[in-house]
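> Build the 3D model from these lines:
(chains A and B)
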Amino acid sequence: MTTATASDVLATTPARRRRYLASARIHLVNLPLSLGMPWLILGSSFVVNLIIYSMLPENPNDPRTTGGIMSIYIFALIAHVVSMTQSFPFALGLSVTRRDFFAGLSLIIVVESAVQGLVLTGLRAIELASAGWGIDMTFFGVPFLVQDNWFLQWVLYSVPFLALSYLAVLFGTIYKRFGQPGMWVSIIGLVLVGGAAAILLTWSESWGVVARFFTETAPLTLIAGYPVILAVLFAGLAWLLLRRATP
Amino acid sequence: MTAVSMRGVTKRYGDFTALDAVSLELRENTIHGLLGRNGAGKTTIMQILTGQNFETAGQVEVFGLHPYENSQVLDRVCFIREAQKYPDGYRVRDALNSAALLFPSWDARFATELVSDFQLRPKQQIKKLSRGQLSAVGVIIGLASRAPLTFFDEPYLGLDAVARQLFYDRLLADYAEHPRTVVLSTHLIDEVSDLIEHVVLVDKGRVLIDEDADVLRGQAVTVTGPTAAVKAFAEGYTELHREELGGFLRVTLAGAHPEPQLRSEGLEFEPVSLQQLVVRTTQQNLDDRKVVL
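Below is the predicted model:
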């Protein structure tokens, strides 16, 4: 008798197709905030650098590069921790399943990374064309990130977004699943593991190997290849933890 | 015609047992009242029924299926939590637009009506809303979702008396036109006693009462009068409550029925309000006396 009624209700009330798309749109509901903020931050960093460099005399021995571009990557990191602490409880409060939420979030992360990478590539092109914004400043063309091939350039800009976003999602999920104690355990655990690795490397005098790894691996593998693997790893771990997380 | 079925559901957090072998069935197309003290387990029950929390043991069925990660079921469920958090920067209309995207039966016109009824403005920042206004947003989402199974967890927090009455009126009116299963958890029992058709009372993780409201109201009576006469009448019935002042006695008796002919002896009969029943029953459970009703 119960099954008869259940299928009545399930059959007669409309279903929502492609719920993960609806769930993704939750992140876009307040566009000025989610779209505007990162570029505002990057923009202000850019303007500050521009003003300072234009006031300094040009010195051929001193290349005018700055790490200001990092700001937009850090923003992605923060924004996606917030996705887990705020958007996750909100979405589950609106009857979204964890699977649909994660799928929607992944869609957003992938598109966001690709689009932001594209914009950065465009800005890099303008930088080259304007000879460093007229004052020979390299803001978007940080040396180890520059590639000759525009497609590869875009890949190089985009992939770190993926890795950092999923790292943030992983931390956010650890927080939702295990609370503050979980956060502390993870951070302390990381520090211990890092410390142990450092001790091992020092004892076996292998720092040179590490240095060579970073300098000899092609930038493409280092900044696009490995981070993709990391991104997938973080995403997989986050999903496993999310399945039993409560909003 | 069961919308919700829980059999022997237990929820433990380490040493603490939040729910202890809870079994209940909620009929379709009925307004159910989920009553109980703070910390009794009402919210835990609703969280488990919506797949947001997980039972330690027992069987849970919503529309015949287990709700966890089941979008077939969850598409038809709306859970308005007492402390629903909205993402930073959300305005009232952002919350409503999100709900519109996710609830298949969402009625946008109804939502707009409710927004003006509750005196909200679509562009207001949710962070800047008062507690009552925040509750109003939740109530609007719950009502306009038209979900076949809607849970309201203490939705009235912060709402003034006028707004509360508005909620009850709108709920009843919409429920009459679009029947659905509503589960309302509340502390203001007398306010909703006319609304509720089925009562579930939970205390310390156990179900104390699981009965239709009409049946419940007929199961007890309060007798007031001269002490001797009342004592004589009360013979044989279980006493739920007693108040004595001077030569007068007032007792609440379970299983007794009003007998108007005894008015000549000075006995006055009053119906026991739902709130009184709930309070008395919970008080009995406090002493772990066997609960009689």
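> wait, does stretch A:221-239 contact chain B?
No. Shown here: stretch A:221-239 not in contact with chain B (CB under 8 Å from any CB of the partner chain), separated by at least 12.0 Å. C-betas here are computed from N, CA, C, even on glycine.
> buried ones in that stretch?
For stretch A:221-239, the neighbour count (16 or more other CB atoms under 10 Å in any protein chain shown) marks A:222-224, A:227, A:230-231, A:234-235, A:237-239 as buried.
> Restrict that stretch to CA atoms and write it as PDB.
Output in PDB follows, covering the C-alpha atoms of stretch A:221-239 (Å, rounded to 0.1, in the frame of the first residue of the first chain):
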ATOM      1  CA  THR A 221      54.400  20.000 -16.400                       C
ATOM      2  CA  LEU A 222      55.100  21.800 -13.200                       C
ATOM      3  CA  ILE A 223      52.300  24.300 -13.400                       C
ATOM      4  CA  ALA A 224      49.800  22.600 -15.500                       C
ATOM      5  CA  GLY A 225      50.600  18.900 -15.400                       C
ATOM      6  CA  TYR A 226      51.000  18.200 -11.700                       C
ATOM      7  CA  PRO A 227      48.400  20.600 -10.500                       C
ATOM      8  CA  VAL A 228      45.800  18.800 -12.600                       C
ATOM      9  CA  ILE A 229      46.600  15.600 -10.900                       C
ATOM     10  CA  LEU A 230      46.500  17.400  -7.500                       C
ATOM     11  CA  ALA A 231      43.100  19.000  -8.500                       C
ATOM     12  CA  VAL A 232      41.700  15.500  -9.200                       C
ATOM     13  CA  LEU A 233      43.100  14.200  -6.000                       C
ATOM     14  CA  PHE A 234      41.600  17.000  -3.900                       C
ATOM     15  CA  ALA A 235      38.300  16.700  -5.700                       C
ATOM     16  CA  GLY A 236      38.100  13.000  -5.100                       C
ATOM     17  CA  LEU A 237      39.000  13.300  -1.400                       C
ATOM     18  CA  ALA A 238      36.500  16.200  -0.900                       C
ATOM     19  CA  TRP A 239      33.700  14.100  -2.500                       C
END
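> Can you pull out the low-pLDDT segments for the stretch 1-150 of chain B?
Judged by pLDDT under 70, the stretch 1-150 of chain B has no weakly predicted residues.
> Give me every residue in the stretch 51-200 of chain B lying close to chain A.
Counting by CB under 8 Å from any CB, the residues of the stretch 51-200 of chain B that sit close to chain A are B:51-54, B:61, B:63-65, B:69-79, B:81, B:84-91, B:94, B:97-99, B:101-105, B:141, B:147-148.
> Buried only: go through those for me.
B:51-53, B:61, B:63-65, B:70-71, B:73-79, B:81, B:84-87, B:89-91, B:94, B:97-99, B:101-105, B:141, B:147-148.
> Tell me which of those fall in helices.
If you go by DSSP state H, those have B:71, B:73-74, B:94, B:97-99, B:101-102, B:141 in helices.
> What is the longest helix of chain A by residue count?
Chain A, longest helix under DSSP H: helix A:150-203.
> And what about residue B:6, helix, strand or coil?
What DSSP: H, G, I helix; E, B strand; the rest coil gives for residue B:6 is strand.
> who are the neighbours in contact with it?
With contact set as CB atoms under 8 Å, 6 or more residues apart in numbering or on different chains, residue B:6 has these partners: B:22-25, B:45, B:48-49, B:58-61.
> 7 Å instead?
B:22-24, B:58, B:60 (CB atoms under 7 Å, 6 or more residues apart in numbering or on different chains).
> Spatially nearest residue to residue 101, not counting backbone neighbours?
Since you didn't name a chain, this refers to chain A. Excluding the flanking residues, the one nearest residue A:101 by CB to CB, 6 or more residues apart in numbering or on different chains is residue A:91, at 4.8 Å.
> that's the wrong chain, I wanted chain B
residue A:22 is the one closest to residue B:101 (CB to CB, 6+ apart), at 4.4 Å.
> ok, now residue B:122?
residue B:93 is the one closest to residue B:122 (CB to CB, 6+ apart), at 3.7 Å.
> And residue B:237, by the same measure?
residue B:253 (4.1 Å).
> Residue A:88 and chain B, how far apart?
10 Å (CB to the nearest CB, to the nearest Å).
> And the next helix or strand past the helix or strand that contains that residue?
According to DSSP states H and E, residue A:88 maps onto helix A:88-93. Counting by DSSP H and E, the next helix or strand C-terminal to helix A:88-93 is helix A:98-129.
> just checking, what packs against the helix holding residue A:88?
With contacts taken as 3 or more CB pairs under 7 Å, 6 or more residues apart in numbering or on different chains; DSSP states H and E, helix A:88-93 sits against helix A:98-129.
> how about a cut-off of 10 Å?
helix A:19-26, helix A:98-129, helix A:150-203, strand B:77-80, helix B:92-102 (3 or more CB pairs under 10 Å, 6 or more residues apart in numbering or on different chains; DSSP states H and E).
> next helix or strand past the last one?
Scanning forward in sequence from helix B:92-102 by DSSP H and E, the next helix or strand is helix B:108-117.
> hey, C-alpha coordinates of that next one in CSV?
C-alpha atoms of helix B:108-117 as CSV (Å, rounded to 0.1, in the frame of the first residue of the first chain):
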residue,chain,number,x,y,z
ALA,B,108,6.3,32.8,-8.2
ARG,B,109,3.1,34.8,-8.0
PHE,B,110,2.3,33.5,-4.6
ALA,B,111,5.8,34.3,-3.5
THR,B,112,5.5,37.9,-4.6
GLU,B,113,2.2,38.2,-2.8
LEU,B,114,3.7,36.8,0.4
VAL,B,115,6.7,39.1,0.2
SER,B,116,4.4,42.1,0.3
ASP,B,117,2.2,40.5,2.9
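> what ranges of chain A fall below the confidence cut-off?
If you take pLDDT under 70 as the line, chain A has these spans: A:1-17, A:61, A:143-147.
> State the distance from the residue positioned nearest the centre of it to residue B:179.
Chain A has residue A:165 as the residue nearest its centroid, 2.8 Å off, counting by CA atoms, centre = their mean. In this view, residue A:165 and residue B:179 are 44 Å apart by CB to CB, to the nearest Å.
> give me every residue that touches the closest residue in space to residue A:232 that isn't next to it in sequence.
Excluding the flanking residues, the one nearest residue A:232 by CB to CB, 6+ apart is residue A:166, at 8.0 Å. Contacts for residue A:166 (CB atoms under 10 Å, 6 or more residues apart in numbering or on different chains) come out as A:80, A:105-106, A:109, A:113, A:227, A:230-238.
> Restricted to strands, list these.
Nothing among these maps onto strands, per DSSP state E.
> For residue A:62, which three-state class applies?
coil.
> Can you report how many residues neighbour it?
9 (other CB atoms under 10 Å in any protein chain shown).
> my read: it touches residue A:56, true?
Yes. If you go by CB atoms under 10 Å, residue A:62 and residue A:56 touch, sitting 8.7 Å apart.
> Contacts only, for residue 46.
No chain in the question, so chain A it is. So residue A:46 contacts A:39, A:66, A:68-69, A:71, A:123, A:133, A:137, A:139-140 (CB under 10 Å, 6+ apart).
> sorry, should have said chain B
By CB under 10 Å, 6+ apart, the neighbours of residue B:46 are B:4, B:34, B:52-53, B:79-82, B:151-153, B:183, B:185.
> what's the most distant pair in these?
Greatest spatial distance among the contacts of residue B:46 (CB to CB): B:4 and B:82, at 19.2 Å.
> Of those two, which one has the most company?
The neighbour comparison of residue B:4 against residue B:82 (other CB under 10 Å) goes to residue B:4, with 23 against 16.
> out of everything not next to it in sequence, what's closest to the more buried one?
Among residues not flanking residue B:4 along the chain, residue B:26 sits closest, at 4.0 Å (CB to CB, 6+ apart).
> from memory that neighbour sits against residue B:183, does it?
Yes. The criterion here is CB under 10 Å, and residue B:26 meets it with residue B:183 at 6.6 Å.
> how near is the closest residue to chain A within chain B to residue A:244?
When distances are taken as CB to the nearest CB, chain B reaches nearest to chain A at residue B:64, 2.8 Å away. As for residue B:64, its distance to residue A:244 is 24 Å (criterion: CB to CB).
> Much appreciated, bye for now.
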